[in-house]
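Visitor: pasting a predicted model and its sequence here:
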Amino acid sequence: MAYAAFRSIGAYAPTDILTNEELSKMVDTTDEWITKRTGIKERRIAAKDETTSDMGVEAAKKAIQRSGLAKEDLDMIICATISPDYFCMPSTATIISNKLGLRNITAFDISAACTGFVYILSIAKALIESGMKKNILIIGAEKLSAITDYSDRGTCILFGDGAGAAIISATDNKDEAIIDIHTGADGEYADLLMTPNGGSGSIHDSLDQEASSCFMQMKGNETFKVAVRTLTKDVVENLKENNIESEAINHFVPHQANYRIIKAVGDALKLKEEQVVLTVAKYGNTSGASIPMAINDIYEQGKLKSGELMLLDAFGGGLTWGSALVPFSPLK
Ligand code: ACO
């Protein structure tokens, strides 16, 4: 049987920084409120002509170069995004494949909001274990600034832009294998976080729509409570099912939505500070890109070593959630 190994990581963050101070001139908020309630100090904003696929390509190039594989070895690209270059079609993954110069490859997007990266990891794992694919490029990429309402202080303080990518490859060495991935969804909570217009569920005449009709809307406080409850339950179950103690986790890499959610889940697992990876202060919430951007951060700081175990967890619109036990297994 083939196993799926997490071979490499790459990420891209746009250069423009939007600080809390700057946001406080746009909406009725303060640096103190944002810092205290979310842990966020600043976020990156893509250039006007910079697309989700542009950022995905930059992250992908790093992941490919660090994997030791040639781009021609890839047989699939999956992109998790809620801010695609184009709604409906073509998929951002196909645009990325073209920009990478790969013309005969399977490529598609999935929509699972902030849980997107855990979802595409699970798809890659399944397709590799079935023997169908050998080397899959997975990308979480978001230009959330394009769907953020900068007059709504409840959402605009949270979100930023960026991309992260990883290569998942077949191996016959069980020690290198991704151990387990949980994924879940409960559509009963769909209205907690949504872009209500612009699709076939839209209440507006499609010809009348303004750009703002595609902006995100969120019931932040309710989302917060469901996030803490669901994530804590899920990671505890995942570790228990796999007989793994929390001390064995080298790096807990949560979706970077809010420091208080991360702390609540970390405390429930009795994790030490040095086990928890935090990028929320400098990138904010980049949805599907946040986990690979955070993994890339510890990789570039030389903190992520071969064989070390990562616990990923995420929660987002849908509502969706997931967690994954993933050893870092670069080619030697
Ligand atoms: N500045 C100042 N005051 C604010 C701001 C702001 N930016 N935003 C809200 N407030 C006010 C509210 O109006 C409210 O005032 P009131 O008491 O007079 O009514 C008060 O602050 C408290 O509001 P809450 O919404 O209860 O604040 P909370 O502590 O819940 O923090 C936040 C809000 C940061 C949005 C938090 O709820 C959160 O992080 N939620 C989860 C977000 C999330 O994880 N989303 C899922 C992933 S995203 C994805 O999938 C794309």
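Guide: Everything's here; your move. Numbering: from 1, shown residues only.
Visitor: going forward, measure contacts between C-alpha atoms and count neighbours the same way
Guide: Noted.
Visitor: please name the bridge partners of the residue of the stretch 201-332 of the chain found nearest the ligand.
Guide: Closest approach between the stretch 201-332 of the chain and the ligand, counting by Cα to the nearest ligand atom: G316, at 3.2 Å. Going by DSSP bridges, G316 is paired in beta bridges with T320.
Visitor: pull the number of nearby residues for it.
Guide: Using other Cα atoms under 10 Å, G316 has 23 neighbouring residues.
Visitor: would you mind measuring from it to Y86?
Guide: Relative to Y86, G316 is positioned 21 Å away (criterion: Cα to Cα, to the nearest Å).
Visitor: then G101?
Guide: Using Cα to Cα, one gets 20 Å for the distance from G101 to Y86.
Visitor: what do you get for I168?
Guide: Note on I168: its distance to Y86, by Cα to Cα, is 26 Å.
Visitor: more neighbours, those two?
Guide: Using other Cα under 10 Å as the criterion, I168 and Y86 rank with I168 on top: 29 against 13.
Visitor: any idea which element the more buried one lies in?
Guide: Secondary structure from DSSP states H and E places I168 in strand 161-171.
Visitor: sheet partners, orientation included, of that strand?
Guide: Using DSSP bridges, strand 161-171 pairs in its sheet with strand 3-12 (antiparallel), strand 135-143 (antiparallel).
Visitor: how far does the shortest one sit from the chain's center?
Guide: I take that to be strand 135-143. Its chain's C-alpha centre and that of strand 135-143 lie 9 Å apart, by Cα atoms, centre = their mean, to the nearest Å.
Visitor: and stretch 168-181, what's buried?
Guide: Neighbour-count burial for stretch 168-181, with 16 or more other Cα atoms under 10 Å as criterion, is recorded at 168-171, 176-181.
Visitor: among those, which one sits closest to N20?
Guide: The nearest member of those to N20, counting by Cα to Cα, is I181 at 35.1 Å.
Visitor: D267 versus that closest one, what's the distance?
Guide: Relative to D267, I181 is positioned 21 Å away (criterion: Cα to Cα).
Visitor: now swap in T52 and tell me
Guide: Summarising the geometry, the distance separating T52 from D267, computed by Cα to Cα, is 34 Å.
Visitor: and these two? Which one has more around it.
Guide: Applying other Cα under 10 Å to T52 and D267 shows that T52 carries more neighbours, namely 28 against 13.
Visitor: state the distance from the more buried one to L309.
Guide: Per Cα to Cα, T52 is found 29 Å from L309.
Visitor: same thing with F108?
Guide: Using Cα to Cα, one obtains 28 Å as the distance from F108 to L309.
Visitor: those two: which has the busier surroundings?
Guide: Relative neighbour count places L309 above the other of F108 and L309, with 20 against 17, counting by other Cα under 10 Å.
Visitor: part of a helix, is A93?
Guide: Yes. Read with DSSP: H, G, I helix; E, B strand; the rest coil, A93 is one of the residues of a helix.
Visitor: any figure for the gap between it and I139?
Guide: 8 Å.
Visitor: shared neighbours, these two?
Guide: With contacts defined as Cα atoms under 8 Å, 6 or more residues apart in numbering, the residues adjacent to both A93 and I139 are 77-79.
Visitor: so V235 is in which element?
Guide: When the helices and strands are read off by DSSP H and E, the one containing V235 is helix 220-241.
Visitor: do T155 as well
Guide: Under the assignment here (DSSP H and E), T155 is part of helix 153-156.
Visitor: likewise for A264?
Guide: Under DSSP H and E, the secondary-structure element containing A264 is helix 259-268.
Visitor: that helix and the ligand in contact?
Guide: No. Interface with the ligand: helix 259-268 contributes nothing (Cα under 6 Å from any ligand atom), its closest point being 7.5 Å away.
Visitor: tell me what that helix is packed against?
Guide: Applying 3 or more Cα pairs under 8 Å, 6 or more residues apart in numbering; DSSP states H and E, we find helix 259-268 packed against helix 31-38, helix 220-241.
Visitor: mind listing what's buried in the shortest one?
Guide: Using 16+ other Cα under 10 Å as the burial criterion, the residues of helix 31-38 that qualify are 31, 34-35, 38.
Visitor: quick one: neighbours of D28, just the number.
Guide: One way to gauge burial is a neighbour count; for D28, by other Cα under 10 Å, it gives 11.
Visitor: gap between the closest residue to it other than its chain neighbours and Q217?
Guide: Taking Cα to Cα, 6 or more residues apart in numbering as the measure, D28 lies nearest to R153, with 6.8 Å between them; neighbours along the chain are not counted. In this structure, R153 lies at 11 Å from Q217, with Cα to Cα as the measure.
Visitor: quick check on those two: which one has the bigger neighbour count.
Guide: Counting neighbours by other Cα under 10 Å for R153 and for Q217 shows that Q217 has the greater number, 20 against 16.
Visitor: for that one, give the beta-bridge partners.
Guide: Beta-bridge pairing of Q217 under DSSP bridges involves M194.
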